[in-house]
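Asker: compute the structure for the input listed below.
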Amino acid sequence: MSGYTDIRAGGWVARLPEGWRPYALLMRLDRPIGSWLLFLPGLWAFAMAAPSWGRGLWLTVLFGLGAVLMRGAGCVVNDLWDRDLDRQVERTAGRPLASGAVRPKQALAFLLGLLLVSLLILVQLPWAAILLGVLSLVPIALYPLAKRLTDWPQAVLGVVFSWAAPMGYASATGGLDAAAIALWAAGFFWILGYDTIYAHQDREDDALVGIRSTALRFGEKTRPFLAACYAVTLVLLLLAGWLAGLSWLYVPALLLPAALLARQVVTIDIGDPALCLRLFKANRDVGLAIALAFLIGRL
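Answerer: Model prediction:
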């Protein structure tokens, strides 16, 4: 395939049976960063509120598997909506539905399978978490539509990808409280920032085909917008830690993720799609550093 793309058809995916490869690419198994980013707000919740190490580790396993499956399901939904648009965008033209490697009926059957396996994981959780899991299907389904109707589809994705925070908190504690809401809001603003970076990869193609985004809305003003998103994220993380009764050690522990976020603000170049992708992927380390800060705050 010529042109810029983030599809990774080589590596371990190339060693799969030929018939499996398009489905692995359809659910983005070649790019695990999306599963990481979907999972990490849940990890924050376990690190902040799990009643024991055993419970926290069990939930980590369940949510890790669930993140891979639900991120894959979300990608199938997105690509079904966007297959005609994807053919017109350089980065996405090689996606299995856009290229014809997978037909829509096949994708729907695959989607059903992913959702059924996800349901088996979901029923292991408390009822409050199960209800939140079912409700998450609404913003997942609406996200592709948001790209056509609003300049803020990244906000819809922020709701989707931060959903693991309240779900994880409810799984750990059986319910929600003010600390869980602050954690959810922190995740939302973090995602609003990093997905704006991601959207700059497609800014010019998106403008031509009618896809809207915060990258197009803010353009050259992306740096101050990003700084504001990340500043609000850190304030809300501090609030969540205070509401959860963490020790003073939590505050200095947040300096590492704060430095990693500041680096993204300082170094971003919206005209360099490869750099935008690297900065976007760097948010895995940011999320892990935040989880570590929560664990330190419980000492």
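Asker: quick check: residue 230 touching residue 191?
Answerer: No. Contact status for residue 230 versus residue 191: not in contact, 11.0 Å apart, counting by CB atoms under 8 Å. Using the backbone N, CA and C atoms, a C-beta is placed for each residue, glycine as well.
Asker: comparing those two, which residue is more hemmed in?
Answerer: Using other CB atoms under 10 Å as the criterion, residue 230 and residue 191 rank with residue 191 on top: 26 against 23.
Asker: OK, contacts around that one?
Answerer: 37, 154, 157-158, 161-162 (CB atoms under 8 Å, 6 or more residues apart in numbering).
Asker: give the residue farthest from the middle of the chain.
Answerer: Computed with CA atoms, centre = their mean, the residue of the chain farthest from its C-alpha average is residue 248, at 29.1 Å.
Asker: just the element for that one, please.
Answerer: According to DSSP states H and E, residue 248 maps onto no helix or strand at all.
Asker: so what's the backbone phi/psi at the nearest residue to residue 246 once chain neighbours are set aside?
Answerer: Of all residues not flanking residue 246 in the chain, residue 297 sits nearest, at 3.2 Å (CB to CB, 6 or more residues apart in numbering). In terms of degrees, to the nearest 10, the main-chain angles of residue 297 are phi -70, psi -20.
Asker: wait, residue 297 touches residue 252, no?
Answerer: No. In this structure, residue 297 is not within contact of residue 252 by CB under 8 Å, at 9.9 Å.
Asker: okay, these two: which has more neighbours?
Answerer: residue 297 (23 against 11).
Asker: mind listing what the more buried one touches?
Answerer: 48, 241, 244, 246-247, 249-250, 253.
Asker: go again with 10 Å.
Answerer: Residues in contact with residue 297, defined by CB atoms under 10 Å, 6 or more residues apart in numbering, are 47-48, 240-242, 244-254.
Asker: pLDDT at it, what is it?
Answerer: You'll see residue 297 listed with a pLDDT of 98.
Asker: repeat for residue 73
Answerer: 90.
Asker: quick one, strands of the stretch 1-150 of the chain?
Answerer: Counting by DSSP state E, counting those that start in this stretch, the stretch 1-150 of the chain has no strands at all.
Asker: quick one: low-confidence ranges for it?
Answerer: For the stretch 1-150 of the chain, the stretches with pLDDT under 70 are 1-7, 9.
Asker: where along it do the helices fall?
Answerer: With helices called from DSSP state H, counting those that start in this stretch, the stretch 1-150 of the chain shows them at 21-26, 33-49, 53-86, 96-99, 104-122, 127-135, 137-149.
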